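Peer 1: mind folding the following:
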Amino acid sequence: MKATHKYLPLFVAEANEHLEALSSDLVRLEKEVPEPALWDAIFRRVHSVKGSAATLGFTGIVEVAHQAEDLIGRLKAVSEKPSREQMDLLFEASDTLQKEVRRVAADPADAAPASPALVSRLLKAAQALPDPSTPLVSRKPAAAAEPVDPSLPRLEISVVLMKSCAAPGARALIVQRKLKALGTLIEMDPLPAQLMSQRGGAAISASLASDKPLDEVRKALSGLPEVESADVRPLGSARTTSSPPPPQAPAQELPAFVHAAPVTEAEELRPEATVRVRAVALDQLLDQAAEVLHGIARLREAAKRLPENVGGAFEAEVDRLRRTARDLHGRVMNARLTPFSALTERLPRAVRDLSHRLGKEVDLDVQGADVELDRNVIEAMGDPLSHLVRNAIDHGLEDPKTREAAGKPARGRLTLSARRERDKVVVDVADDGSGLDVERLRKKAVASGAMSGEAAAALSENEVFELAFLPGVSTRETATDVSGRGVGLDAVQRAVEALGGTIRIRSAAGKGATFSLELPLNVSMANLLLVQVGGELYGIPLHRVLVTTEYDLNARGGEGFEARSLVVLGQLVRAYALAKLFGLPSLLPPGPRPFVVMELDGVLFALAVDRLVGQEEAVLKPLFPPLDRVRGLAGVTVLGNGRPLLVLDPRGIAELAGVNEPVRASKGAA
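Peer 2: Next up is the predicted model:
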């Protein structure tokens, strides 16, 4: 199993990609009029998983995939929309394949049959349909091949090259040409170009339309140089318990798990343009690039102490090196970018299952699937986005009868869109449902003890929408196992803000609600405003800073709250001393002092500091214990002089100061 362990991560990664896309394609198949291109895509997903699993000897996966692709081929041949029972069977096959991939990922030696009952039901469902007489994959054959004759049967072929094969790419090219001589080559996987840089053996699968006898095809392939074995079977033939398992290639003969459609003769030997890289390798490379930037910053600090006759030239070289290092860091960051579709590919199936469960009809529309975000942002937003989708279906969208009574289409519409706006990505989750009930939110906020009745009544409509993010506040009268327990939206808000993003709600009664998430492109770089407080330096994220100013609060006199506020842009803004919030001594004598005015959820507040030091673009690192439990801190970075710098969390500071509490004197006031 050593070979299996070596290639297992590649198999699991690509199988999961194919199966997630398969679920989305099946949802489309259920809703749309089936088109040949969609059938081909579905078949190709299943066939790719089967081919990779066969190479590694995962016979349980092969059995399910083989029977599923046979059913898919026959369904396509009848040119009718699948029934609900047939769709449920295909969804079950997709779920089983995903479960089996997870199982072999945890224990590659577990060779138990996947699901004999499911295999039997798939076989019976296929046998109940006419046997297709045309090839299943309708696409242009490789160059120089004759058009596919509808009367030609299709053969499934597996060829294993010897372990001692020194040039599997060249041998694969011979196999390919032999197949073309025997009939019409419909599909070959992998292509010769993918094996050109490999040494050792290889396992090749192919689909061939041919009227040649099976033994003749098998003999022709077995007689080729350095071919260890050749297996030829008719398409759709059922594998029996006595049938030998698919050939398992030794360590050196495993192909790369990249499945490509046939290409022209001129393209066969062209090398691949992409390569799969482990995520941890990119993370390590990013850390190394960050360390280079830190080292260059220290060199710049050291250059300031050199004599002028050498310092200038040295600093110029350091600046040139810094530009190169920043470019390197940026390229690594770009390599980590992941399309928004990585978040949305699994949602069509979730929407389909949940809407059926709740007795609702929902159309999901995904826009901007190719917009890219940092991989860490994508990973962090998986659960929050899923919750917003469940929340929209359960809370927002009405059942068909209610919608029709309100003059709406019976089918609700849920739209997920992503768009790039300068240095951020805006993700909208919008539904055309009933919208948020303003008065119910007010009552829920009061009932939960979050605020008084008077305070709730004084809120504007937009401020009321923000109440949905309070723990324990929900617009549902009764809780369900889907949503409505008053937990979730507050967790969504925390997850978004932990990334340095924001979330807003727009809603119109009877027309629907939109949750807008503003997310950073990446979370490892930040522009900071450096401030000094009590002899220590801190960084404040610049995207939260509205303006900096200087003010003398003591000149106004008094001891109440009004003496601890200042006027900014025509507004009265509460002010707090950062030194007092953190329990630090202020080194600044009474008199004018700098203030950093910040904006959070539409509320302005000011922080008094001892000195404004400057700005810095920094590579952020997560906090380590026990600092990760200190409210008001978001991360840490290292300055050019090697000194660590704590980065403030604006929301944590606001909570620490009680910014959203009723107006009163505060221990954190300036």
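Peer 1: wouldn't residue 595 be in contact with residue 606 here?
Peer 2: Yes. Using CB atoms under 8 Å, residue 595 is in contact with residue 606, at 4.4 Å. Any C-beta I mention is one placed from the backbone N, CA and C, and that applies to glycine too.
Peer 1: return every residue with contacts to both of these two.
Peer 2: Among the neighbours of residue 595, those also in contact with residue 606 (CB atoms under 8 Å, 6 or more residues apart in numbering) are 549, 551, 566, 575.
Peer 1: low-confidence ranges in the stretch 401-550 of the chain?
Peer 2: Counting by pLDDT under 70, the stretch 401-550 of the chain has low-confidence residues at 472, 474-487, 523-524.
Peer 1: now do the helices in it.
Peer 2: For the stretch 401-550 of the chain, the helices defined by DSSP state H, counting those that start in this stretch cover 438-447, 453-457, 461-466, 489-498.
Peer 1: any chance of the ones you listed in JSON lines, with distance to residue 538 too?
Peer 2: Formatted as JSON lines, the helices of the stretch 401-550 of the chain follow (distance: least, CB to CB, whole Å):
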{"stretch": "helix 438-447", "distance to residue 538": "34"}
{"stretch": "helix 453-457", "distance to residue 538": "32"}
{"stretch": "helix 461-466", "distance to residue 538": "28"}
{"stretch": "helix 489-498", "distance to residue 538": "19"}
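Peer 1: tell me which of those lies nearest to residue 570.
Peer 2: With CB to CB as the measure, helix 461-466 is the member of the helices of the stretch 401-550 of the chain nearest residue 570 (19.9 Å).
Peer 1: what sits up against that closest one?
Peer 2: Under the criterion CB under 8 Å, 6+ apart, residues 436, 438, 441, 442, 456, 505, 506, 507, 601, 602 lie in contact with helix 461-466.
Peer 1: let me see the domain layout of this structure.
Peer 2: 1-132, 137-265, 279-336, 339-520, 525-657 (automatic domain parsing).
Peer 1: and the ones you listed, which one is worst for confidence?
Peer 2: Sorting the domains of the chain by mean pLDDT places domain 137-265 lowest, at a mean of 68.
Peer 1: how many neighbours does residue 599 have?
Peer 2: Using other CB atoms under 10 Å, residue 599 has 15 neighbouring residues.
Peer 1: contacting residues for it?
Peer 2: 544, 546.
Peer 1: tell me how far it lies from residue 545.
Peer 2: 8 Å (CB to CB, to the nearest Å).
Peer 1: hmm, back to that, which members of the contacts of helix 461-466 are the farthest-apart pair?
Peer 2: Using CB to CB, the pair of these lying farthest apart is 456 and 506, separated by 20.0 Å.
Peer 1: on that earlier part again, buried only: go through the contacts of helix 461-466 for me.
Peer 2: 436, 438, 441, 442, 456, 505, 507, 601 (16 or more other CB atoms under 10 Å).
Peer 1: between the shared contacts of residue 595 and residue 606, which is nearest residue 388?
Peer 2: Among these, and counting by CB to CB, the member closest to residue 388 is residue 575, at 35.6 Å.
Peer 1: that closest one should be in a strand, yeah?
Peer 2: Yes. Residue 575: assigned to a strand according to DSSP: H, G, I helix; E, B strand; the rest coil.
Peer 1: just to revisit the earlier point, dump the buried ones among the contacts of helix 461-466 into a markdown table; add distance to residue 220 as well.
Peer 2: Listed next are these as a markdown table, based on distance: CB to CB, whole Å:
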| residue | distance to residue 220 |
| --- | --- |
| 436 | 69 |
| 438 | 76 |
| 441 | 74 |
| 442 | 79 |
| 456 | 82 |
| 505 | 67 |
| 507 | 68 |
| 601 | 73 |
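Peer 1: any idea which of the helices of the stretch 401-550 of the chain gets closest to residue 528?
Peer 2: Of all the helices of the stretch 401-550 of the chain, it is helix 489-498 that lies closest to residue 528, at 17.0 Å by CB to CB.
Peer 1: now for the closest one, which elements pack on it?
Peer 2: helix 382-391, strand 502-508 (3 or more CB pairs under 8 Å, 6 or more residues apart in numbering; DSSP states H and E).
Peer 1: so of those, which one's packed in deepest?
Peer 2: helix 382-391 (a mean of 20; mean count of other CB atoms under 10 Å).
Peer 1: what angle sits between it and helix 489-498?
Peer 2: With axes from the mean of the first three to the mean of the last three CA atoms, to 10 degrees defining the directions, helix 382-391 sits at 140 degrees from helix 489-498.
Peer 1: ok, residues contacting helix 382-391?
Peer 2: If you take CB under 8 Å, 6+ apart as the criterion, helix 382-391 is touched by 343, 347, 350-351, 354, 414, 416, 427, 429, 482-483, 488-489, 491-492, 495-496, 515, 517.
Peer 1: can you tell me how far residue 334 is from residue 375?
Peer 2: Distance of residue 334 to residue 375, given as CB to CB: 11 Å.
Peer 1: between the two, which has more neighbouring residues?
Peer 2: Between residue 334 and residue 375, residue 375 has the larger neighbour count (other CB under 10 Å), namely 19 against 12.
Peer 1: ok, residue 222 touching residue 231?
Peer 2: No. Contact criterion CB under 8 Å: residue 222 and residue 231 do not qualify, at 9.8 Å.
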